[in-house]
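Q: Have a look at this prediction, sequence included:
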Amino acid sequence: MGLRDPIQHDGRPIVGAMALWIIDGNNVFGSRPDGWWNDRPAAMARFTQSVAEWCRTHGDDVMLVFDAPVPSSVIDLAGGNLVIAEAPRRGRNAADDHIVDLTGQHGAEFVEHEPQEFTTVVTSDRGLRDRLPAAVTVRGAGAFRELIGY
């Protein structure tokens with residue numbers, strides 16, 4: 001597992017800065033055709049475990065958002081700086097809508113940062129990317145998978 005990229009402002013690292021990472025879980029674990037569709041709950045658990053291990057390497061807040069339903073075995077992997085969130089509704093773009101809402105309020109109940117300050121959304125979904133506030137940094141699924149060694 002590699003270390004996370006340092007938070008930067010105007011090209012300079014911000015020492016001690018904390019960030020919020022919001023991860024489009026289904027988009028990232030589904031970004032490679034590795035047979036995840038044969039056992040979606042197991043794929044969610046494998047990916048969540050990798051994210052949890054990565055979370056132990058830094059102090060940034062991380063919210064992993066999945067489409068409903070999320071098995072309790074996956075929810076149980078949350079802790080420390082990792083929160084597992086289930087989209088509040090089912091259906092097309094449910095998790096995407098939730099991520100857009102979170103970036104708008106910056107998960108106010110989750111962290112104490114200024115809105116959109118140091119927020120990274122992890123997704124390769126172009127439609128979701130286009131709906132995010134301009135201040136949000138976006139990292140693609142492949143780059144994130146490489147970052148966490150998944």
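A: Structure received. Numbering: from 1, shown residues only.
Q: In what element of secondary structure is Arg89 found?
A: If you go by DSSP states H and E, Arg89 is not part of any helix or strand.
Q: contacting residues around the residue nearest to it when sequence neighbours are not counted?
A: In space, and not counting its chain neighbours, Arg89 is closest to Ala68: 7.2 Å by Cβ to Cβ, 6 or more residues apart in numbering. Bear in mind the C-beta positions are built from the backbone N, C-alpha and C, glycine included. For Ala68, the contacting residues are 86-90, 94, by Cβ atoms under 8 Å, 6 or more residues apart in numbering.
Q: and Val138, that's in a strand?
A: Yes - under DSSP: H, G, I helix; E, B strand; the rest coil, Val138 falls within a strand.
Q: mind showing which ranges of the protein have poor pLDDT?
A: For the chain, the stretches flagged by pLDDT under 70 are 1-17, 105-117.
Q: Nearest residue to the middle of it?
A: Centroid-nearest residue in the chain: Ile23, 1.4 Å away (criterion: Cα atoms, centre = their mean).
Q: Bridged to that residue, which residues?
A: With DSSP bridges as the criterion, Ile23 is bridged to Leu64, Val122.
Q: where exactly do the helices run in this protein?
A: Per DSSP state H, the chain carries helices over the ranges 25-29, 40-55, 72-75, 94-105, 126-131, 141-148.
Q: which one of those is the most hemmed in?
A: Between the helices of the chain, helix 25-29 has the highest mean count of neighbours, a mean of 24, where neighbours are mean count of other Cβ atoms under 10 Å.
Q: Touching that one from outside, list them.
A: Applying Cβ under 8 Å, 6+ apart, the contact partners of helix 25-29 are 36, 43-44, 46-48, 64-67, 95, 122-125, 128, 141, 144-145.
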